[in-house]
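In: Take this sequence and fold it.
(one chain, ligands or ions: 2)
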Amino acid sequence: MTFDRKIKIAPSILSADFANFGAECEAIEAQGADWVHVDVMDGHFVPNITFGPATCAAIRPHIKGVMDVHLMIAPVDPYIEAFAKAGADVITAHVEAGPHVHRTLQAIRAAGAKAGIALNPGTPASAIEPLLDMIDLVCVMTVNPGFGGQKFIHSQIEKVEQLRALIGERPIHIEIDGGVDPTTAPLVAKAGADVLVAGSAVFKGGSVTNPNVYGDNIKAIRAAAQGVWA
Ligand code: DX5
Ligand code: ZN
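Out: Numbers count the residues shown, from 1 in each chain. Ligands and ions are numbered 1, 2, ... in the order given. Now for the predicted structure:
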């Protein structure tokens with residue numbers, strides 16, 4: 001993985017056909033996705049359950065680019081090795097998932113993955129200050145994690161601006177997760193985000209047999225986000 005601050009669209013397969021993950025990943029990449037975002041939920045840290053490392057390993061051969069694994073689980077540490085072995089390029093854990101986030105980040109890098117830290121909407125930007133030299137990505141949750149299709153929480157835009165200032169020249173991605181669509185993408189891009197996760201806004205109206213819709217949806221989000229630089 002190389003670092004840049006260009007806008008990257010990361011469709012979340014939480015909104016894909018769960019019976020068809022391999023073909024869905026291939027379809028979104030063929031339609032212009034930059035990263036593939038994989039949401040792991042445990043029914044404990046968040047009120048929903050998705051899947052674990054075995055599913056990630058099964059998906060991996062169907063992704064050419066970056067597999068971005070977002071762990072909404074607690075505890076995290078016992079499972080890091082398994083997600084790294086499954087082929088995750090980025091492993092993101094929540095700062096709220098336990099008392100030893102520093103150790104968690106050490107373990108992610110030791111396992112050979114890029115380390116991400118996610119912040120729930122109620123967690124301030126300052127939570128990552130002591131961790132800046134340990135992370136490759138900060139994920140700003142713009143919904144409360146657990147479900148796709150929720151409404152974007154506008155108060156998080158200020159947090160993105162604060163994080164952008166804290167990060168300075170460090171090679172740390174700012175990722176936005178939740179409620180990203182062509183209306184909200186320009187707001188977060190302007191505030192300093194470079195990775196835009198989008199579930200419902202990418203998959204709506206399309207399917208593996210009608211994948212051009214995914215392409216149109218990805219283009220619309222990218223164009224809206226990049227418009228701020230024009
Ligand atoms: C929420 C997940 C998100 C979610 C985004 O807990 O982490 O990745 O799938 O979905 P949309 O884009 O539909 O808000
Ligand atoms: Zn996510």
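
In: His62 touches Ala27, doesn't it?
Out: No. Applying C-beta atoms under 8 Å, one finds His62 not in contact with Ala27, separated by 9.6 Å. C-beta here means a position set from N, CA and C on the backbone, and glycine is covered the same way.

In: Between these two, which is the more surrounded one?
Out: Set side by side, His62 and Ala27 show more neighbours around Ala27, with 26 against 16, by other C-beta atoms under 10 Å.

In: Correct me if wrong, but that one is in a helix.
Out: Yes. Assigned with DSSP: H, G, I helix; E, B strand; the rest coil, Ala27 falls within a helix.

In: for the residue in the chain that ligand 1 sits nearest to, what are its contacts?
Out: Residue nearest to ligand 1 within the chain (C-beta to the nearest ligand atom): Gly199, separated by 3.0 Å. Applying C-beta atoms under 8 Å, 6 or more residues apart in numbering to Gly199 gives the contacts 11-15, 37, 39, 148-149.

In: and which of those is nearest ligand 2?
Out: Nearest to ligand 2, judged by C-beta to the ion, of the contacts of Gly199 is Asp39 at 4.3 Å.

In: mind checking which helix or strand that closest one is in?
Out: Taking DSSP states H and E as the definition, one finds Asp39 inside strand 35-41.

In: for the record, mean pLDDT for the helix or strand following that strand?
Out: Downstream of strand 35-41, the first helix or strand assigned by DSSP H and E is helix 53-59. Helix 53-59 carries an average pLDDT of 98.

In: Would you mind measuring from Phe45 to ligand 2?
Out: From Phe45 over to ligand 2 the distance is 12 Å, taken as C-beta to the ion, to the nearest Å.

In: Ile157 sits in which helix or strand?
Out: Using DSSP H and E, Ile157 maps to helix 156-167.

In: Quick one: work out the angle between whichever helix or strand comes after that helix and strand 35-41.
Out: Helices and strands here follow DSSP H and E; after helix 156-167, the next one along the chain is strand 173-177. Interaxial angle, strand 173-177 versus strand 35-41 (axes from the mean of the first three to the mean of the last three C-alpha atoms, to 10 degrees): 60 degrees.

In: Spatially nearest residue to Gly206, not counting backbone neighbours?
Out: Closest residue in space to Gly206, ignoring its immediate chain neighbours: Val213 at 3.2 Å, by C-beta to C-beta, 6 or more residues apart in numbering.

In: so the one you found sits in a helix?
Out: Yes. Membership of Val213 in a helix is supported by three-state DSSP.

In: Could you tell me how far the residue of the chain closest to ligand 1 is located from Ser12?
Out: As judged by C-beta to C-beta, to the nearest Å, Gly199 and Ser12 stand 4 Å apart.

In: Nothing else from me, thank you.
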